[in-house]
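**Q** Would you be able to build a 3D model of this:
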Amino acid sequence: MNDVYKKYLFAKHIFVSEKSAGEEKNQLAVLFSLANLFNIKIVKGRKLVREEMIRFASECLGENVPEPFYKGFPQSVLKLTKEKLLLDQLIHYVTTYGFGNFSEAGHSLFEEIFERAAFNENSDIREFSVVTEEEAAEILGEMVNNLLAGTRPLSEEQYTLVREAISDYDISVRNVASKNTCVKLLIDMRDLRFTDFLVMSDVIKLIDEMNYGLYENTDIKKLNFRNQDRRFITAVIDKLFTEGKCDIRNCFEKKKIWNGLLHHIHYKAKSEEAQSFVNAMRGKGNRSVFSDFERAMTERNIRSAVQILKSGKGSASVLRNLNYIISRCTSEEELQFVLDCIDTKNNIVLIQLLLQYARYKEGRGPRTFGFTKYNMMKFHTETEKELAHRKSDITAKQAEYIAEKIGIILKKNLSGKLGKVYIDPDMKNYALPIQETASQGGLGVLTRGSRIRIPETKKIRAFTYWEKVDDIDLSCFGLEESGNRREFSWRTMAENQSEAITYSGDETSGYKGGSEYFDIDIEEFRKLYPEARYIVLCDNVFSGTAFGKCFCKAGYMTRDINDSGAIYEPKTVKSAFMINCDSTFAYLYGIDLDKNELVWLNMARNGSMAVAGDTDMSFLIDYFHVTDTINMHSFFEMMATEVVDDISAADVVVTDKNTECAENVEIIREYDIEKITALMNN
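**A** Numbers count the residues shown, from 1 in each chain. Okay, the predicted model is just below:
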């Protein structure tokens with residue numbers, strides 16, 4: 001079975017056995033090794049365990065990790081003076097960037113030899129199941145259709161799984177709810193059956209994706225497609241005409257782009273409807289929904305504007321333009337009319353807006369907007385000119401009222417979808433998967449905004465390791481609620497090494513294997529830096545190569561304050577994930593210092609930034625509050641016919657704990673993103 005599937009299932013605590021039961025002679029030895037090396041306990045399918053699973057677990061958890069600059073980290077680092085720390089790094093920089101010697105990973109000249117005590121820390125047991133290839137294929141089929149039920153675009157890892165599984169296992173696709181996902185599948189597989197889930201206006205999404213993915217061009221107005229791609233686009237357009245899926249009013253919104261596209265592919269109409277469409281795109285006038293909507297808004301006819309938008313594009317479109325519409329309302333009656341029109345069934349849009357309005361800040365300061373483009377996060381802060389001309393402000397009272405209204409609609413949409421549900425109280429810490437497009441995937445990765453309790457007896461050991469590029473930097477920032485920050489990185493740590501935060505040194509010659517670490521003792525950090533409320537961990541490629549063109553893993557361990565054993569102990573690894581985005585910068589996770597909780601950020605940021613500390617980070621604070629508004633506990637509470645306290649009485653159990661239930665009881669865990677996605681879009 002393809003490693004893509006096995007690694008995806010490993011993150012769900014599932015091994016795949018590629019031999020039949022009873023063929024492995026050393027089952028007990030394998031079971032012992034998995035437990036001894038990785039704290040993996042096989043709770044189902046023990047007879048299917050195979051020796052190769054040890055190697056595979058090692059690959060996923062990171063058994064052979066390169067040594068950092070300071071081999072005796074963290075103890076040896078704390079013994080060095082600031083002068084020696086600085087001199088160590090300066091000599092290393094001269095060797096690499098001065099003399100161009102990148103042949104071997106650099107190490108300290110002043111570090112004393114440090115002998116480690118044997119590993120003796122307590123670490124959590126990981127419960128795994130083992131399934132056959134046939135069972136794995138069935139599980140993958142259900143996962144694929146659950147992912148495709150989501151209206152939000154997929155992350156790169158999820159998309160790769162979907163695309164390859166459809167091809168390899170001939171999965172019958174029930175629906176593709178996300179237009180972005182559908183056009184990517186259509187491009188990659190060149191299977192015109194995916195047009196069943198598209199309409200004519202979606203062709204512009206197709207062109208945009210092809211232009212970027214195949215030609216690395218972000219300007220859709222400057223097309224230079226090859227002939228085979230022109231023929232493919234023509235076939236898609238013709239099929240949509242044949243199926244009667246020409247939503248011409250929506251096509252008017254991109255009239256100029258359509259005009260350029262039709263000219264570029266030398267399109268020749270094959271029917272009267274097609275010719276009429278071509279004439280409309282090339283002619284004068286614009287009959288789009290948004291042009292009529294804007295006309296009504298200009299005339300201050302709010303009711304007419306909302307009705308035009310709702311009838312032409314649906315309630316979800318009203319929601320997406322809510323700030324603009326409400327800022328023009330002149331009476332309570334108009335406001336109430338607008339809110340009465342948002343009877344959408346799109347729960348994802350409702351949840352996104354609930355989060356937005358629950359955290360709405362009234363005021364005239366510049367706003368920072370985050371959005372996803374080509375599976376990377378982009379951020380834009382209003383300029384002075386934009387701020388001066390802003391016309392879509394609403395009051396905090398209006399935002400509160402809107403959030404309340406959205407909550408009522410959401411509860412009505414979800415109510416009674418499940419039977420009796422047991423919900424672990426700790427599920428309040430987990431966020432819903434509504435914006436995972438720019439995320440990396442792997443073991444222990446959770447949805448953005450999810451929280452994990454850090455035991456008071458433990459510290460966090462952040463790590464990154466890499467190959468096929470010289471210099472990747474792991475950086476740490478203390479962040480205040482105001483947005484002010486303090487940098488802990490390769491350029492500041494010679495002055496800041498302490499028991500509170502310790503750095504393993506800046507490795508700049510890691511092409512054959514490099515690594516960097518931060519140890520963070522939360523209690524000591526709070527004492528030393530009381531102004532900080534959060535910590536943010538970032539990874540960036542100083543060499544300038546995109547993560548996707550090298551090998552890089554990142555994650556974290558929970559270690560005893562006085563740790564033992566090797567720097568990298570797989571037993572203590574809570575998360576280890578590939579960073580493979582098409583950029584040089586990624587936010588990894590944060591720490592809420594007040595609550596002793598790790599908070600998932602996990603997003604690739606668009607751009608080619610070589611230094612992490614050169615960008616504003618205040619916008620990240622909102623991600624630390626996601627679960628305050630809605631979380632997995634409140635979501636399943638809305639969906640339950642009845643919430644029960646007794647697990648044995650439940651039809652569905654939602655928990656992050658190891659538990660045993662009857663076979664007919666569905667268990668949903670924090671990492672079951674596919675199941676949760678399908679439920680949100682049900």
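**Q** From here on, just use CA atoms for contacts and neighbour counts.
**A** Noted.
**Q** so where is the stretch 401-550 of the chain shaky, pLDDT-wise?
**A** Under the criterion pLDDT under 70, no range of the stretch 401-550 of the chain is flagged.
**Q** Could I get the full set of helices for it?
**A** 493-496, 522-528 (DSSP state H, counting those that start in this stretch).
**Q** between these, which one is nearest to V626?
**A** helix 522-528 (21.8 Å; C-alpha to C-alpha).
**Q** Check which residues of the closest one are buried.
**A** I522, E523, F525, R526 (16 or more other C-alpha atoms under 10 Å).
**Q** give me the low-pLDDT residue ranges for this structure?
**A** 20-22, 24, 363-365, 608-610, 613.
**Q** Determine which residue lies closest to the centroid of it.
**A** Central residue check for the chain by C-alpha atoms, centre = their mean: the C-alpha nearest the mean position is that of S439, 2.4 Å away.
**Q** Contacts only, for it.
**A** Residues near S439 by C-alpha atoms under 8 Å, 6 or more residues apart in numbering: S155, E156, N602, M603, A604.
**Q** does the second one really touch T437, like I thought?
**A** So that's E156. Yes: using C-alpha atoms under 8 Å, E156 is in contact with T437, at 7.3 Å.
**Q** and the two? which has more neighbours close in?
**A** For E156 versus T437, neighbours defined as other C-alpha atoms under 10 Å are more numerous around T437 (23 against 19).
**Q** just to revisit the earlier point, who wins for proximity to F32 among the helices of the stretch 401-550 of the chain?
**A** Of all the helices of the stretch 401-550 of the chain, helix 522-528 sits nearest to F32, with 34.2 Å by C-alpha to C-alpha.
**Q** how far is stretch 262-278 from where the chain is centred?
**A** 40 Å (C-alpha atoms, centre = their mean, to the nearest Å).
**Q** meant to ask about stretch 339-359, not that
**A** The answer for stretch 339-359 is 21 Å, by C-alpha atoms, centre = their mean.
**Q** Equivalent analysis for stretch 347-363, please.
**A** The answer for stretch 347-363 is 19 Å, by C-alpha atoms, centre = their mean.
**Q** try stretch 577-594
**A** Per C-alpha atoms, centre = their mean, the displacement of stretch 577-594 from the mean C-alpha position of its chain is 10 Å.
**Q** How about residues contacting stretch 211-226?
**A** So stretch 211-226 is contacted by I207, D208, I257, G260, L261, H264 (C-alpha under 8 Å, 6+ apart).
**Q** change it to 6 Å
**A** The contact list for stretch 211-226 (C-alpha atoms under 6 Å, 6 or more residues apart in numbering) reads D208.
**Q** Would you work out how far apart the start and end of it are?
**A** 11 Å (C-alpha to C-alpha, to the nearest Å).
**Q** now stretch 407-427
**A** Using C-alpha to C-alpha, one end of stretch 407-427 lies 19 Å from the other.
**Q** mind listing what's buried in that stretch?
**A** Buried residues in stretch 407-427 (16+ other C-alpha under 10 Å): 407, 409-411, 413-416, 418, 420-424, 426-427.
**Q** ok, W490 - how many residues close by?
**A** 18.
**Q** and if you look at T242?
**A** What T242 shows, counting by other C-alpha under 10 Å, is a neighbour count of 14.
**Q** I'm done for today, thanks for sticking with me.
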